[in-house]
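Student: what shape does this take:
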Amino acid sequence: MRRSASGLKETLAVIVGEEASVGCGIHVEGKLAWCEGFSWRTRVFRDRIEAGAVLAEALAEARVEGDIVYAIAAGGVPVGYAVAERMELNLDTIVVKKITFPWTTEAGFGAVALEGIHYYNKTIALASGLEEEWVRGRIREIADYVVQRTLRLRGSTEYSVEGKRVIVVDDGIAMGYTMLVALKYLKHKGAARLIAAAPTAHVEGARLAASIADMVVVANMRKGPYFAVADAYREWRDISDEEALEYLRRRSPALQAFNTPSPNES
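Tutor: Sure, this is the predicted structure:
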């Protein structure tokens, strides 16, 4: 069942209180930090809000400080809201889209952000018979989509992060391409420190994010040949852009009066 934004603060207070009393048992290994009490198993979170509350506790135990939270749209926004609420930070969003294979809309081998900033696994692309010209064309197409969706979610493609400590949140890190590209873009825009944070992650995806991030904080770390972000949640569904905006407006002064343009206006 969807939780209304009006009741989120009260719900979050209860969840954070419960989780904070338990503690997550943070374990730090190089740039990676995860909660031993929540890792190496599935179905640990009720939903994204609860996952965000646990992630906020992990960030607190890892002594992470930040100036702003950027949530990857749209699934990362409820998680980012819970983190921003706990840390008393403003919330914003960043759009990143996977580069998927021609035969599926799910599996990806890379990702694209604003300004065409991207990453893709050339080894996988080559092994899959994808020509570089085709990949480059897809990157251009996706870059156009990212611009339009960014405008629909926040009204501007400008990001003012120079010199800031930025916490980048998603609902999970699988291969790590989406998080990596979000970090790559914000680093390009001048962020002083980048923390990647997610309720759940595959250890290899977390390590890829750590190639750019100053630290990667995860509540539920997992490993093994089979991994799905959704497996960390007991309740899992897609988040619409309208719902994402509802969360964003509550912790983003710049977006409180923003109305998503209709399709013929965008």
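Student: and L153, how many neighbours?
Tutor: 23 (other CB atoms under 10 Å). Quick note: C-beta positions are derived from backbone N, CA and C, even for glycine.
Student: quick one: it is in a helix?
Tutor: Yes - assessed with DSSP: H, G, I helix; E, B strand; the rest coil, L153 lies in a helix.
Student: how far does the helix or strand hosting L245 sit from its chain's centre?
Tutor: Using DSSP states H and E, L245 falls within helix 241-251. Counting by CA atoms, centre = their mean, to the nearest Å, helix 241-251 is centred 15 Å from the centre of its parent chain.
Student: you'd agree A51 is up against Y233?
Tutor: Yes - using CB atoms under 8 Å, A51 is in contact with Y233, at 6.8 Å.
Student: more neighbours, those two?
Tutor: Just comparing A51 and Y233: by other CB under 10 Å the higher neighbour count belongs to A51, 27 against 23.
Student: kindly export the helix or strand hosting that one (C-alpha atoms) in PDB.
Tutor: In this structure, A51 sits in helix 48-61 according to DSSP H and E. The C-alpha coordinates for helix 48-61 follow below in PDB (Å, rounded to 0.1, in the frame of the first residue of the first chain):
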ATOM      1  CA  ARG A  48      11.800   1.700   0.400                       C
ATOM      2  CA  ILE A  49      11.000   4.000   3.300                       C
ATOM      3  CA  GLU A  50      12.000   1.400   5.900                       C
ATOM      4  CA  ALA A  51      15.100   0.700   3.800                       C
ATOM      5  CA  GLY A  52      16.000   4.400   3.800                       C
ATOM      6  CA  ALA A  53      15.600   4.600   7.500                       C
ATOM      7  CA  VAL A  54      18.000   1.700   8.000                       C
ATOM      8  CA  LEU A  55      20.400   3.200   5.400                       C
ATOM      9  CA  ALA A  56      20.300   6.500   7.400                       C
ATOM     10  CA  GLU A  57      21.400   4.600  10.500                       C
ATOM     11  CA  ALA A  58      24.200   3.000   8.500                       C
ATOM     12  CA  LEU A  59      25.400   6.400   7.300                       C
ATOM     13  CA  ALA A  60      25.200   7.700  10.900                       C
ATOM     14  CA  GLU A  61      27.300   4.700  12.200                       C
END
